[in-house]
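Trainee: coords please:
(chains A and B)
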Amino acid sequence: MTTIAELPPGFVDKVLSAQSTFRSVMDAMARPGSVQRIVPMAGTAGRMMRGTAAIALTLFDHDTPLWLDARMSESSDVTKWLKFHTGAPVVQDASIASFALISDGAALPSLERFALGTNEYPDRSTTVIIQVDSLDTGRSFELRGPGIDGVTMLQASIKPFDLFERLRINETLFPRGIDLVLVADDAVVAIPRTTRVESKGS
Amino acid sequence: MNAPAYNFAYLDEQTKRMIRRAILKAIAIPGYQVPFASREMPMPYGWGTGGVQVTAAILGPQDVLKVIDQGSDDTTNAISIRKFFAKTAGVATTTATEDATVIQTRHRIPETSLHANQVLVYQVPIPEPLRFLEPRETETRRMHALAEYGLMHVKLYEDIARFGHIATAYAYPVKVNARYVMDPSPTPKFDNPKMDNSPALQLFGAGREKRIYAIPPYTKVVSLDFEDHPFEPYRFNAPCALCAAEDSYLDEIVTDDKGGRMFVCSDTDYCEGRQAAGHHGSLSAAPYKEKAGSHG
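Mentor: Numbers count the residues shown, from 1 in each chain, chains lettered A, B, ... in the order given. Okay, the predicted model is just below:
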């Protein structure tokens, strides 16, 4: 059994590390497709990447129900670390989650299972954080939408392969929808619900 | 120096997390007002508590902060908020628009074009553009949900019917990303075109009304109008009396009790920059005239 003393640590400087991580995520959300770096280091547990761990420490707390994919939730290292450092309640029902952590994109459930918000409160939707293989090599994608000056390119190696096809639900659902945060090690890219993504092949 | 009794940037970390989550959703849904659990701040409502909370949630030690009130760096509100963050966050402050990374503003957008590494934080008194047309929050929320903005066009039409033109001069409603009608805060409509396709991120905080909303960079922002009554930014037709600028928004300053008045740039940094670059208006300060006279 892991005791608290054996858990990987959180941020060394809680305040400034959270601020710096938030600015990276905010810039990522404001400029979809741009690759932002997360600088502050924290311990990571199980399959959690360091970028994911930093985002968790920055944004999760007792007010944010959390949904974990099978790979994450079956790891007691991950659940204990999250519980100790963030206090976020882990829920089984994805449709009430503020955040979802996906370590195995291939097993990403249907996006409709997450909270999509309502037309009156579109902000009450799940932010889905997916760990991916790479955010600088792989297939090319063309992104358009608010935050992008015309068009921007993203090269990423992601699972599921049809992620952005699935994300098309955002076009018809708007203002409801799913906001994605993609993490590869310390790199982060956000795809808010307003971004239109087209695959340009490899 | 940090005031030791406070957390960095005054707010506690749980509050910052809550505000940060609201900011992310606001950016993801441009123009939509995200409710947030606004805190009591050590200043009264109406003095920028919403903007201060947004600034406190994003500010880091590397930031350079500029605060303006009606374009001016030198008014009470601007100075006290600037001092507040210098004290509680130890950040560098500036009055130069291009040097700032975070600009908190009350009712103006700087004349100098913003760039991509800047965040503009607006202080907002009434975030709901439909509020004076429909007082019920449940109804305005439904109207936003259905994108039912006919009432706003009726209001602008009534302006035309009564005055012959759209008489709304400030807080002129805009449509963001072709979806949400949004209150740009009580900025003069002169500033509306600057919101469109701006390279900088724009965040709006309303403390008393507990709402945060945003315009991401490079987002389409259109001022509502009619084909036969197109939107027109208003500017008093005169050069600035201090720097002779013909393109800046002007404040009217009463100079005596005999009807004397002067028109000067409301953006003090812009005006001072132009004066330093050698531009002089008709009423430039006496020391300049004396100096010019002493050479002659």
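
Trainee: what ranges does the chain have for its strands?
Mentor: Reading this off chain A. For chain A, the strands defined by DSSP state E cover A:36-37, A:66-68, A:99-102, A:127-131, A:134-144, A:152-157, A:179-184, A:187-191, A:196-199.

Trainee: that was the other one, I meant chain B.
Mentor: B:34-35, B:64-69, B:92-93, B:102-106, B:119-123, B:174-176, B:180-182, B:201-206, B:211-215, B:221-223, B:250-254, B:261-265.

Trainee: want to try TSV for those strands, with distance to chain A, mean neighbour count and mean pLDDT as columns?
Mentor: Every residue, glycine included, has its C-beta placed from N, CA and C. Output for those, formatted as TSV (distance: least, Cβ to the nearest Cβ, whole Å; neighbours: other Cβ atoms under 10 Å in any protein chain shown; pLDDT from 0 to 100):
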stretch	distance to chain A	mean neighbour count	mean pLDDT
strand B:34-35	5	20	98
strand B:64-69	14	24	98
strand B:92-93	15	16	98
strand B:102-106	10	24	98
strand B:119-123	8	26	98
strand B:174-176	8	23	98
strand B:180-182	8	23	98
strand B:201-206	5	28	98
strand B:211-215	8	29	98
strand B:221-223	10	20	98
strand B:250-254	31	15	95
strand B:261-265	29	19	95
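
Trainee: residue A:168 - how many residues pack around it?
Mentor: 13 (other Cβ atoms under 10 Å in any protein chain shown).

Trainee: hang on, residue B:66 packs against residue B:92?
Mentor: No: at 10.1 Å, residue B:66 does not count as touching residue B:92 under the criterion of Cβ atoms under 8 Å.

Trainee: quick check: the most centrally placed residue in chain A vs chain B, distance?
Mentor: Taking Cα atoms, centre = their mean as the criterion, residue A:129 is the residue nearest the geometric centre of chain A, at 1.7 Å. Distance, residue A:129 to chain B, using Cβ to the nearest Cβ, to the nearest Å: 12 Å.

Trainee: hey, what's that residue bridged with?
Mentor: Here residue A:129 sits in beta bridges with residue A:101, residue A:181, going by DSSP bridges.

Trainee: list the residues that contact it.
Mentor: If you count contacts by Cβ atoms under 8 Å, 6 or more residues apart in numbering or on different chains, residue A:129 has them with A:52, A:55, A:99, A:100, A:101, A:102, A:180, A:181, A:182, A:183.

Trainee: got the strands of chain A as TSV, with mean pLDDT columns?
Mentor: As requested, the strands of chain A are arranged in TSV below (pLDDT from 0 to 100):
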stretch	mean pLDDT
strand A:36-37	98
strand A:66-68	98
strand A:99-102	98
strand A:127-131	98
strand A:134-144	97
strand A:152-157	97
strand A:179-184	98
strand A:187-191	98
strand A:196-199	96
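
Trainee: residue B:248 is nearest to which of the ones you listed?
Mentor: For the strands of chain A, the distance to residue B:248 is smallest for strand A:152-157, at 33.2 Å, taking Cβ to Cβ.

Trainee: partners of the closest one, with directions?
Mentor: strand A:134-144 (antiparallel).

Trainee: and residue B:159, how many neighbours?
Mentor: Neighbour count of residue B:159, defined by other Cβ under 10 Å: 15.

Trainee: just checking, it touches residue B:165?
Mentor: Yes: counting by Cβ under 8 Å, residue B:159 touches residue B:165, with 7.1 Å between them.

Trainee: tell me the residues of chain A that contact chain B?
Mentor: Within chain A, the positions lying close to chain B (Cβ under 8 Å from any Cβ of the partner chain) are A:14-16, A:18-20, A:22-23, A:25-26, A:29-31, A:58-61, A:63-64, A:98, A:118-123, A:125, A:127, A:146-150, A:174-175, A:177, A:179, A:192-194.

Trainee: on that earlier part again, make a markdown table out of the contacts of residue A:129 and add neighbour count.
Mentor: Listed next are the contacts of residue A:129 as a markdown table, based on neighbours: other Cβ atoms under 10 Å in any protein chain shown:
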| residue | neighbour count |
| --- | --- |
| A:52 | 27 |
| A:55 | 25 |
| A:99 | 22 |
| A:100 | 27 |
| A:101 | 28 |
| A:102 | 26 |
| A:180 | 26 |
| A:181 | 25 |
| A:182 | 25 |
| A:183 | 28 |
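
Trainee: and the helices in the chain?
Mentor: Here I'm looking at chain A. Listed in chain order, the helices of chain A (DSSP state H) span A:14-30, A:50-59, A:70-73, A:76-85, A:163-166, A:169-173.

Trainee: please go with chain B instead
Mentor: For chain B, applying DSSP H gives helices covering B:13-28, B:49-58, B:76-88, B:137-145, B:150-163, B:192-195, B:268-276, B:286-295.

Trainee: low-confidence stretches in chain B?
Mentor: Counting by pLDDT under 70, the ranges of chain B that qualify are B:1-4, B:285-296.

Trainee: could you redo the last one with a cut-off of 50?
Mentor: Residues of chain B that meet the criterion pLDDT under 50 lie in B:288-296.

Trainee: please name the nearest non-neighbouring residue to residue 180.
Mentor: The chain I'm using is chain A. Sequence neighbours aside, residue A:191 is the residue nearest to residue A:180 in space, at 4.2 Å (criterion: Cβ to Cβ, 6 or more residues apart in numbering or on different chains).

Trainee: my question was about chain B, not that one.
Mentor: Closest residue to residue B:180 apart from its sequence neighbours, by Cβ to Cβ, 6+ apart: residue B:31 at 3.1 Å.

Trainee: if I look at residue A:183, how far off is residue A:21?
Mentor: In this view, residue A:183 and residue A:21 are 11 Å apart by Cβ to Cβ, to the nearest Å.

Trainee: residue numbers of the stretch 151-296 of chain B in contact with chain A?
Mentor: For the stretch 151-296 of chain B, the residues found near chain A under the criterion Cβ under 8 Å from any Cβ are B:177, B:179, B:180, B:199, B:201, B:214, B:215, B:216, B:217, B:218, B:219, B:220.

Trainee: can you pull the contacts of the third one?
Mentor: It refers to residue B:180. Contacts for residue B:180 (Cβ under 8 Å, 6+ apart) come out as A:175, B:29, B:30, B:31, B:32, B:144, B:147.

Trainee: most neighbours among the residues you listed, please name it.
Mentor: Neighbour max across those (other Cβ under 10 Å) = residue B:29, 29 neighbours.

Trainee: count the residues that sit near the residue nearest to residue B:95 when sequence neighbours are not counted.
Mentor: The spatial neighbour of residue B:95 that comes closest, neighbours along the chain excluded (Cβ to Cβ, 6+ apart), is residue B:73 at 4.1 Å. By the criterion of other Cβ under 10 Å, residue B:73 has 20 neighbours.

Trainee: so what does residue B:73 look like in phi/psi?
Mentor: Dihedral angles phi and psi of residue B:73 (degrees, to the nearest 10) take the values phi -80, psi -10.
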